[in-house]
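**Student:** got a predicted model here, sequence first, then my questions.
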Amino acid sequence: MISQSGVTQNSPPSGSGTPILGTKIPHSAPPSEEIEAATGLHRGLSARQVQMIAVAGTIGTGLFLGTGRSLAQGGPASMLICYGIVGFIVYVTLLLLGEMATQYPVAGELFDYLESQFLLFLLPDPLLYD
């Protein structure tokens with residue numbers, strides 16, 4: 001049977017809940033303009049977001065290829081040893097950051113913390129140049 005839009009609509013065989021190829025399924029989602037007007041949100045990516053996605057893809061590819069090269073040259077045991085060493089360093093760094101945050105509590109961002117606790121007060125304020 002041919003509908004007004006010219007798309008062939010076949011009824012599925014009895015007992016099967018899936019439509020056959022060529023069956024037109026009604027689309028009940030509202031258009032994106034209505035969603036934007038109702039929620040104030042919009043779809044789209046800025047140039048900066050696209051750049052960040054590209055950089056992340058490049059870094060991921062580099063890590064993947066570097067891991068394969070390391071595996072080929074050193075074998076799996078060397079990779080596991082290096083992974084354990086780097087994991088330990090990251091763990092200790094996070095522990096030390098937690099200790100510093102509880103020892104010197106500061107409300108604000110990283111620059112406020114560094115300025116109040118360390119010698120960063122000698123440097124000019126980066127927000128003055130924006």
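**Tutor:** Yep, it's here.
**Student:** and the regular element (helix or strand) spanning Leu65, average pLDDT?
**Tutor:** For Leu65, the host element (DSSP states H and E) is helix 47-74. When pLDDT is averaged along helix 47-74, the result is 89.
**Student:** next one: stretch 100-113
**Tutor:** The model assigns stretch 100-113 a mean pLDDT of 78.
**Student:** now that stretch: buried residues?
**Tutor:** Tyr113 (16 or more other C-beta atoms under 10 Å). (C-beta placed from N, C-alpha, C; glycine too.)
**Student:** state the next helix or strand along the chain beyond the helix holding Leu65.
**Tutor:** helix 76-103.
**Student:** list the contacts of Met79.
**Tutor:** Thr67, Ser70, Leu71 (C-beta atoms under 8 Å, 6 or more residues apart in numbering).
**Student:** returning to that earlier point: other SSEs contacting the helix holding Leu65?
**Tutor:** Secondary-structure packing of helix 47-74 (3 or more C-beta pairs under 8 Å, 6 or more residues apart in numbering; DSSP states H and E): helix 76-103.
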